[in-house]
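Student: Take a look and give me a structure for this.
(chains A, B and C)
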Amino acid sequence: MSNSSLELTISVPGFSSFDHGGGGACGMRNIDMNMVPSNSFEDQDDEEISGGGGPPRKKLRLTKEQSRLLEESFRENHTLNPKQKEALAYQLKLLPRQVEVWFQNRRARTKLKQTEMECEYLKRCFGSLTEENRRLHREVEQLRALRVGPPTVISPNTCQPLPASTLTMCPRCERVTTTTSNASVKPSTLT
DNA sequence: ATGGGTTTGAGCTTTACTTCA
DNA sequence: AATGAAGTAAAGCTCAAACCC
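Tutor: Below is the predicted model of the structure:
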């Protein structure tokens, strides 16, 4: 990679004056001085870039075009093979490592967002299920309160009262059904 | 101007997987 | 075939510069 902007990236082994504690104990700092046309870099004077007396670490800011291309590439593929990475880096005038880092961060942050959204969705589900559970409990209580004694149901076939043990309450349609047949007994037959 | 919150580029560690002796 | 060391890529965590309100 012989690129004019990349030549400004300086690796400083063991350069500790830039280390503000970030990333723990690192013996190597990449001071990226890519002169990408970023507004934040335009007003940096040369003495700072030439590094007179330990200037603070400069942070690369991707241009809109670089970001756009990276996003576009990410939409197609969330991971890059080495050749794709190399090609994209060349196209963007970045180091392959920078492209790699961008994709790593993008994956991580995409996943984080998805996780947050899933969390919100599950919270809403929990809320509605809790409410449904409460409602059903209230309904059960009301039904229990209503049932002072077993209902007498007249069999449509024999016109005789059915034994209470053969009756169940259908929770869906709230009709009394017999356990011996599929036919539900209409509420009108309840006495 | 400035202070606090957010975004984002990057370093380091951990984890999962593959290769090879 | 089983196994442990070595290498590698991605995930995960973190920091801090840059940005924004």
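Student: for chain A, what spans make up the helices?
Tutor: In chain A, the segments counted as helices under DSSP state H are A:39-42, A:46-50, A:64-76, A:82-92, A:96-146.
Student: Let me know which of these is tucked in deepest.
Tutor: Burial of the helices of chain A is given as mean neighbour count (mean count of other CB atoms under 10 Å); helix A:82-92 ranks first at a mean of 15. For every residue, glycine as well, the C-beta is placed using N, CA and C.
Student: just the angle between that helix and helix A:64-76, please?
Tutor: Helix A:82-92 and helix A:64-76 meet at an angle of 160 degrees, taking axes from the mean of the first three to the mean of the last three CA atoms, to 10 degrees as the criterion.
Student: how much space is there between the closest residue to residue A:94 other than its chain neighbours and residue A:96?
Tutor: Closest residue in space to residue A:94, ignoring its immediate chain neighbours: residue A:66 at 7.0 Å, by CB to CB, 6 or more residues apart in numbering. Here residue A:66 is placed at a distance of 14 Å from residue A:96 (CB to CB, to the nearest Å).
Student: Kindly report the same for residue A:81.
Tutor: Distance of residue A:81 to residue A:96, computed by CB to CB: 11 Å.
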